[in-house]
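A.B. asks: Whatever this is, show me its structure:
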Amino acid sequence: MAPKFVPYTPDVEVIDSHFDKHAQTVIGKTQRFITGSVESEGTGQAVRDAHAKGYGLVRGEVEILDRLPAEYAQGIYATPGRHDALLRFSNGSPHAGADARLGKATGLALKIFDIDGQTLLEDEPDSRTFDYTNINAPVFFCNTVEHYLFIQELFLAAPEYFAQGRPGRHRFYRDFITGKGTLGEDEWAWDEFLAFLVVSQRPLVNLLLSTYWSMGAVRHGDYIAKVRFAPDPTCAQAVVQRTIDPSSAEDVFRPALVAELRDRPYTFDIQVQLCADLARMPVEDLTVEWPEKLSPFVTVAKLRLPQQDISSGDNLKKMDALSFTPWRVTAAHAPLGELMRTRKEVYRQSSILRHTLNNQERREPRSAAEVLP
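C.D. replies: As a prediction, the model looks like this:
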């Protein structure tokens, strides 16, 4: 029997009375890190406070499929057609440097062009672009903005912890679970820590072989969903350099990505999983993986990457000048939940500051060809 999907209503989100205060604290910490990163990260540039190291900017095309079931043909997916796109592959760490030091979390940020409807960003409602910022794990290691305050500090200081070997790792784990000593024993962040372990134990593979999930839930028109980009099985089978050895060179992810795209095109399936049970598929708890047996992922679009050369330094320069945010979407695809809500102003403020420090024009492109002719 087909699952019955949960309709979207505003009360699926929980509003914390301290949200604004905590969000402003996150913004302040983020801005201090970005300002200091000009010197601390060794690039001479201000970097993002997460996904600081990008691996390449890629041209793509999104084909929204025809004759989708009504529950999936929602929002932008209600109108079949083809749209140019840009993709940024990245590492999830807030630091730059050798890949071996940055961990196993990677990301795929997608920008789709010529989308009708206003975005949820008040300062650029008519950009006609639509963004996703997805990661290579079905869960995220933080549930609330209050917990993000100490988790953010831990990740920024992670190199210092892990440089001390086993004792440093143990201190990092202890500080994560206890909220750096601020949480009572009954409130220890076990679920979030276990989700962190899930992310940190992802296999090191070619970026094209990872599946990338939306960090949290989003609206899908009349419903609630998570979205992922899954490698097309036929394309995945053709990838030559499948595993990644970070001990072999300072940069390992980017050369592997460059080599594959230079030799062949690639395709991801854009897939939607609709919420069928709020208790087992929660909006506010990002550490819970939504069971596919309750609601499978359904392909709603194809993300096609043509054969291309992204090896130039200019490619990286153009990549770092772009901004991606989960809030550059139409209302039918609004991010849901406290932590997703936090990202709206944090991403905007960090983008403004980063572009200012790097003397870059902060302007949303009107086409993919404008960026990568």
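A.B. asks: how many other residues sit next to P138?
C.D. replies: A count of nearby residues for P138, using other CB atoms under 10 Å, gives 21. All C-beta atoms are positioned from the backbone trio N, CA, C, and that covers glycine.
A.B. asks: What about the spatially closest residue to it that is not a sequence neighbour? Give its phi and psi, please.
C.D. replies: Using CB to CB, 6 or more residues apart in numbering and skipping the chain neighbours, the partner closest in space to P138 is E289 (4.5 Å). Note on E289: backbone dihedrals following degrees, to the nearest 10 are phi -80, psi 130.
A.B. asks: Over to the one 5 residues further on?
C.D. replies: As for L294, its main-chain torsions (degrees, to the nearest 10) stand at phi -80, psi -30.
A.B. asks: again, but for the one 4 residues further on
C.D. replies: Backbone torsions for V298, taken as degrees, to the nearest 10, come to phi -120, psi 130.
A.B. asks: In this structure, spot the helix with the most residues.
C.D. replies: The helix that spans the most residues within the chain, counting by DSSP state H, is helix 19-40.
A.B. asks: can you list contacts of stretch 65-80?
C.D. replies: For stretch 65-80, the external contacting residues (CB atoms under 8 Å, 6 or more residues apart in numbering) are 5, 64, 112, 115-117, 130, 219-223, 272, 274, 298-302, 330, 332-333.
A.B. asks: if you look at these, which of them are in strands?
C.D. replies: Using DSSP state E, the members of the contacts of stretch 65-80 that fall within strands are 64, 112, 130, 219-220, 223, 272, 274, 298-302.
A.B. asks: Just the buried ones from those?
C.D. replies: For those, a burial check counting by 16 or more other CB atoms under 10 Å picks out I64, I112, F130, R219, H220, Y223, V272, L274, V298, V300, A301, K302.
A.B. asks: pretty sure the fifth one contacts A334?
C.D. replies: No: the pair formed by H220 and A334 falls short of the contact definition of CB atoms under 8 Å, at 9.9 Å.
A.B. asks: leaving aside the residues next to it on the chain, what's closest to I270?
C.D. replies: A301 (4.0 Å).
A.B. asks: Tell me where the stretch 1-150 of the chain has strands.
C.D. replies: Using DSSP state E, counting those that start in this stretch, the strands assigned to the stretch 1-150 of the chain run over residues 54-64, 81-91, 106-113, 129-135.
A.B. asks: Make a markdown table from those strands and add mean pLDDT and distance to G179 to it.
C.D. replies: As requested, those are exported to a markdown table (pLDDT from 0 to 100; distance: least, CB to CB, whole Å):
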| stretch | mean pLDDT | distance to G179 |
| --- | --- | --- |
| strand 54-64 | 98 | 31 |
| strand 81-91 | 98 | 25 |
| strand 106-113 | 98 | 25 |
| strand 129-135 | 98 | 23 |
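A.B. asks: Adding distance to R171, write those strands out as TSV.
C.D. replies: Shown next, in TSV, are these (distance: least, CB to CB, whole Å):
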stretch	distance to R171
strand 54-64	30
strand 81-91	23
strand 106-113	26
strand 129-135	25
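A.B. asks: and R166, which of those is closest to it?
C.D. replies: Counting by CB to CB, R166 lies closest to strand 81-91 out of the strands of the stretch 1-150 of the chain; the figure is 23.8 Å.
A.B. asks: Now do that closest one against strand 106-113, angle only.
C.D. replies: Interaxial angle, strand 81-91 versus strand 106-113 (axes from the mean of the first three to the mean of the last three CA atoms, to 10 degrees): 150 degrees.
A.B. asks: which strands and helices sit next to strand 81-91?
C.D. replies: Applying 3 or more CB pairs under 8 Å, 6 or more residues apart in numbering; DSSP states H and E, one finds that strand 81-91 makes contact with strand 54-64, strand 106-113, helix 253-263, strand 298-305, helix 368-371.
A.B. asks: So which of these has the densest surroundings on average?
C.D. replies: Stretch with highest mean neighbour count among these: strand 106-113 (a mean of 25; mean count of other CB atoms under 10 Å).
A.B. asks: which neighbours does that one have in its sheet, and in what orientation?
C.D. replies: Take DSSP bridges as the rule and strand 106-113 pairs in its sheet with strand 81-91 (antiparallel), strand 129-135 (antiparallel).
A.B. asks: hey, which of those is tucked in deepest?
C.D. replies: Burial of the strands paired with strand 106-113 is given as mean neighbour count (mean count of other CB under 10 Å); strand 129-135 ranks first at a mean of 24.
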